[in-house]
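> Sharing a sequence plus its predicted fold:
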Amino acid sequence: MKTKLYPIVGGIFLIVFSFLIGRWTSSSPTSDPHAGHEPAGVTTASYTCSMHPQVRQNEPGKCPICAMDLVPVDSVDSEGPRTLSMTESSRALAEIQTSVVERRFPQAEIRLVGKLDYDEAKVRSLTARFPARIDELFVNFNGVAVKQGDHLARVYSPELLTAQSELLTAYRYDPQGAATNSIKEKLRLWDLLPEQIDNIIEEGKASDHFELKAPVTGVVVHKNVNEGDYLSTGQPLFTIVDLDVLWLRLEAFESDLAWLRFGQTVEFEVEAYPGETFQGLIAFIEPELDRATRTVSIRVNVPNEERKLKPGMFAKAIARSQVAQAGNVYAPEYAGKWISPMHPEIVKDAPGSCDICGMDLLPAEELGYIQNADADAPLVVPTSAVLRTGKRAVVYVEKADAQRPTYEGREIEIGPRAGDVYIVASGLEAGDRVVTQGAFKIDSALQIQAKPSMMSEEGEAPSARHHSHEPHAVSSNNQSLQTGIAISKESVDTLLPSYFALQTGLANDDLDSAKAALMEMMGVVGHTGALPDLIHEMLGSNDLEGIRRPHFETLSNAFIEAVSQNSDQLETEIFQMRCPMVYPDRGASWLQSDSELINPYFGAAMLNCGTLEKEY
């Protein structure tokens, strides 16, 4: 019995002995409170993502969510509630770049599409001025080019024979008499050319046959008669158009009107001559908005002496404007000039009248142009520096007098976008340096330190920003899906290609592609109803942010609801993505045609931010 107890007692003794040895060889917690820890103020080297602070690694690398470079956790300090200071090495690692705020005239590019047409002022209709019969037709098909005086047809007319006899009788009696001049005027009004009237007098003989000649040079675009036709007074015969000048009819969005002016140069291309650029001048801006398309018609006068351009050709045009303050356009070439209000090609150095229509010339200032470069240059900031959150716009400004790179968040008021800059209404001064790359990283670094984000309203707790990337189940009961827009199951498949094109355009930061996709969608849904109203609002935006927030979320939620309700009838796979960074309180979802996530809300700034939420 005692033999069996020896192993048990020995094991207990070994355990107790090991415990006592461990206590003796370790330092007492009361004697050294910092034992086993890093010295005060030193943080274990750790790397995190500026956009996703929940990501932590012990070595540099890429964020597994958005593929951004990781930055050291302990490389930044916060000097104020919305001020961040960092080392030069941390700044280089975060790839932060800045740009100087300056006063200059930015150039806005307004892209337009349209079609070439006849110049209506150059269209001439030839009608029968007296009863006749067409015995011979010289121009017997459309498209024939004619010069003034070329014969068009040979006609028989007893009324013309009588008028010629009256002319000869009156001329023999008194060549300069009132009767002679009256009959000459009658024949002129019957479209006889002066040389034809002189030939009748020289020959001294009236004829019942007469050659109808072209009154102007141009192209016969409409032939309304055939040989043997009997004509009555007023019957249309031919339509002749001078194609040396054409009209380019363009459609401009409402948001583009601020940069378009009468007399402005427009460049355009046509498919027939790739790589060749043509020019014209804006001659008319429609005073009323088209209520169906929500666009304004623009007419451009285009010279066409070489006849390379054809009516009916489609054109892609660009109007470039140097933007000034108060909605004006800076045009130094019009300094001290006077312009015809009907014919923009007539520009003079002094007051006078138009050489074409006789109207009084107007000073260029009355047409929206300014020439004072010193007083009217606006303050501009690069678009990449502005973080937009709904109605707010914020930037990070580099402090000039700081010993280390230090950045302060500041809310500003911006005006319209002109190319790659915004016009600044207030909040910045010339010479300020703003962060153009890395602003999101600075903002997120503040959140890592439990400081308020500039993306949140003043006083909002940083915890209000939602960073979870766990899949979020979307249902029709979710408030974000209550759009009030119903998409029928019959139109889902028809509209989805346009929606996917819009999503891709936004992800690629391509405003033209996004608007083209919206135009395709509008062609399907029409112009009446909740969905068309939303599309019209999106088309009225002059930049990507105006389409993205909040309109693209509303449109996406409507499609998500329609797809989820008709998932058993879909012909292809559809992927539902979600990014929690879009809105601080809820994030946002969207649909894609493939599983390779590209974020339409941020584009290149955070192209891969988000997760796959659901597959249909």
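Arrived safely. If you're wondering where the values come from, they're calculated on a predicted model, not measured in any experiment.
> For stretch 496-506, buried residues please.
Of the residues in stretch 496-506, 496, 498-506 count as buried by neighbour count, 16 or more other CB atoms under 10 Å. Heads up, the C-betas are built off the backbone N, CA and C, glycines and all.
> whoops, stretch 533-547 was the one
Going by 16+ other CB under 10 Å, stretch 533-547 has these buried residues: 534-536, 538-542, 544-547.
> Would you work out how far apart the start and end of it are?
End-to-end distance of stretch 533-547 (CA to CA, to the nearest Å): 13 Å.
> pLDDT of stretch 319-339, averaged?
Mean pLDDT, stretch 319-339: 77.
> first vs last residue of that stretch, how far apart are they?
Across stretch 319-339, the terminal residues are separated by 19 Å (CA to CA).
> now stretch 546-555
Taking CA to CA, stretch 546-555 runs 13 Å from one end to the other.
> Could you give the separation of stretch 575-594 from the chain centroid?
Centre-to-centre, stretch 575-594 and its host chain are 24 Å apart (CA atoms, centre = their mean, to the nearest Å).
> CA atoms only: put it into PDB for me.
Output in PDB follows, covering the C-alpha atoms of stretch 575-594 (Å, rounded to 0.1, in the frame of the first residue of the first chain):
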ATOM      1  CA  PHE A 575     -22.900  40.500 -57.300                       C
ATOM      2  CA  GLN A 576     -23.900  42.900 -54.500                       C
ATOM      3  CA  MET A 577     -21.000  44.800 -53.000                       C
ATOM      4  CA  ARG A 578     -20.800  47.000 -49.900                       C
ATOM      5  CA  CYS A 579     -18.500  49.700 -48.600                       C
ATOM      6  CA  PRO A 580     -19.000  50.900 -45.100                       C
ATOM      7  CA  MET A 581     -16.800  54.000 -45.700                       C
ATOM      8  CA  VAL A 582     -19.300  55.800 -48.000                       C
ATOM      9  CA  TYR A 583     -21.500  57.200 -45.200                       C
ATOM     10  CA  PRO A 584     -20.400  57.300 -41.500                       C
ATOM     11  CA  ASP A 585     -23.800  55.900 -40.300                       C
ATOM     12  CA  ARG A 586     -24.600  53.200 -42.800                       C
ATOM     13  CA  GLY A 587     -22.200  52.600 -45.600                       C
ATOM     14  CA  ALA A 588     -23.600  51.900 -49.100                       C
ATOM     15  CA  SER A 589     -24.200  49.000 -51.400                       C
ATOM     16  CA  TRP A 590     -24.200  48.600 -55.200                       C
ATOM     17  CA  LEU A 591     -24.400  45.900 -57.900                       C
ATOM     18  CA  GLN A 592     -21.800  44.600 -60.300                       C
ATOM     19  CA  SER A 593     -21.800  42.200 -63.200                       C
ATOM     20  CA  ASP A 594     -18.700  40.500 -62.000                       C
END
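> Run through the residues that contact the residue lying closest to residue 298 once chain neighbours are set aside.
Spatial nearest neighbour of residue 298, excluding adjacent residues (CB to CB, 6 or more residues apart in numbering): residue 250 at 4.2 Å. The contact partners of residue 250, taken as CB atoms under 8 Å, 6 or more residues apart in numbering, are 112-114, 266, 297-300, 315, 317.
> same question, residue 509
544, 603-604.
> Tell me the one of those residues nearest residue 574?
residue 603 (21.4 Å; CB to CB).
> State the number of residues packed around that closest one.
18 (other CB atoms under 10 Å).
> Quickly find the element holding residue 554.
In the assignment (DSSP states H and E), residue 554 maps to helix 553-565.
> which neighbours does whichever helix or strand residue 416 is part of have in its sheet, and in what orientation?
Using DSSP H and E, residue 416 sits in strand 406-418. Sheet pairing of strand 406-418 (DSSP bridges) gives strand 83-86 (antiparallel), strand 392-398 (antiparallel), strand 421-426 (antiparallel).
> which residues of the stretch 251-400 of the chain fall in helices?
Using DSSP state H, counting those that start in this stretch, the helices of the stretch 251-400 of the chain run over 373-376.
> typo on my end, the stretch 401-550 of the chain
Using DSSP H, counting those that start in this stretch, the helices assigned to the stretch 401-550 of the chain run over residues 439-448, 489-507, 511-525, 530-539, 544-547.
> what's the angle from the second one to helix 511-525?
To tie it back to what came earlier, the one meant is helix 489-507. Here the directions of helix 489-507 and helix 511-525 differ by 170 degrees (axes from the mean of the first three to the mean of the last three CA atoms, to 10 degrees).
> now helix 489-507, how far from the centre of its chain.
19 Å.
> Which residues does that helix contact?
Everything outside helix 489-507 that qualifies as a contact, by CB under 8 Å, 6+ apart, is 487, 511-514, 516-518, 520-521, 524-525, 544, 547-548, 552, 555-556, 559, 562-563, 565-566, 569-571, 574, 590-593, 598-601, 603, 607.
> Out of those residues, which end up buried?
Buried subset of those (neighbour count, 16+ other CB under 10 Å): 487, 511, 514, 516-518, 521, 525, 544, 547-548, 552, 555-556, 559, 562-563, 566, 574, 590-593, 598-601, 603, 607.
> for the contacts of residue 509, which one is nearest residue 242?
Distances from residue 242 to the contacts of residue 509, taken by CB to CB, are shortest for residue 544, at 43.4 Å.
> Give the next helix or strand downstream of the helix or strand of the chain with the lowest mean pLDDT.
One helix or strand of the chain scores below all others by mean pLDDT, DSSP states H and E: helix 2-25, with a mean of 44. The helix or strand immediately downstream of helix 2-25 is strand 47-48, counting by DSSP H and E.
> Give me the packing partners of that following strand, helices and strands only.
Applying 3 or more CB pairs under 8 Å, 6 or more residues apart in numbering; DSSP states H and E, one finds that strand 47-48 contacts strand 56-57, strand 71-72.
> Point out the most buried one among those.
Most buried of those, by mean neighbour count (mean count of other CB atoms under 10 Å): strand 71-72, with a mean of 22.
> Show the average pLDDT along that one.
Averaged across strand 71-72, the pLDDT comes to 70.
> I'd like to know how far the residue lying closest to residue 487 once chain neighbours are set aside sits from residue 289.
Excluding the flanking residues, the one nearest residue 487 by CB to CB, 6+ apart is residue 562, at 3.9 Å. Separation of residue 562 from residue 289 (CB to CB, to the nearest Å): 31 Å.
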